[in-house]
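Asker: this one's structure only:
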């Protein structure tokens, strides 16, 4: 299947889009972190800092048809000794939810980190209530390793996180 998207480095003006996503409670509810309030200046600096951070891979997800910026895909906590990292993916434009863009972007990112950057194991932490994300990760070849009980305090209660990981050989089997 021809890809509908491409990944690119962040550009300075991307904050004008991503700030809307940060202000959206429905998006915050799916993320592992606590909600915090962000000014445009903060978001602009975050994008600028991301552009110049060579220790992590943080990319924008864009549509091929019109170059629209619709989400983010990251590998953070990269450890080159153990060849590991943590994956994150977010489709911020809600009209594109549930259409396979997150899985497509993460698959591209995994191909890059396994086959170009030499990583071996990628982990993901997902709120247990985010069933769609867990299903998407499993479809890509991630395996559930366990549950972090009450690891995130959010919306006045403790939430569990599911721990999943994918090894290069798992990815190669799904790809093959």
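Answerer: In hand now; what should we look at? What you are looking at is a predicted structure, and each value in this text was computed from that prediction instead of being measured.
Asker: for the host helix or strand of residue 86, name the packing helices and strands.
Answerer: Element membership for residue 86 (DSSP states H and E) is strand 84-91. Contact here means 3 or more CB pairs under 8 Å, 6 or more residues apart in numbering; DSSP states H and E; on that basis strand 84-91 packs against strand 57-63, strand 69-79, helix 101-115, strand 121-127. C-beta coordinates here come from the backbone N, C-alpha and C atoms, glycine included.
Asker: need the ones you listed in JSON lines (columns: distance to residue 3).
Answerer: As requested, those are exported to JSON lines (distance: least, CB to CB, whole Å):
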{"stretch": "strand 57-63", "distance to residue 3": "10"}
{"stretch": "strand 69-79", "distance to residue 3": "13"}
{"stretch": "helix 101-115", "distance to residue 3": "6"}
{"stretch": "strand 121-127", "distance to residue 3": "20"}
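Asker: so can I have CSV of the ones you listed showing distance to residue 89, mean pLDDT and mean neighbour count?
Answerer: Formatted as CSV, those follow (distance: least, CB to CB, whole Å; pLDDT from 0 to 100; neighbours: other CB atoms under 10 Å):
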stretch, distance to residue 89, mean pLDDT, mean neighbour count
strand 57-63, 8, 97, 20
strand 69-79, 5, 97, 19
helix 101-115, 5, 98, 20
strand 121-127, 9, 97, 20
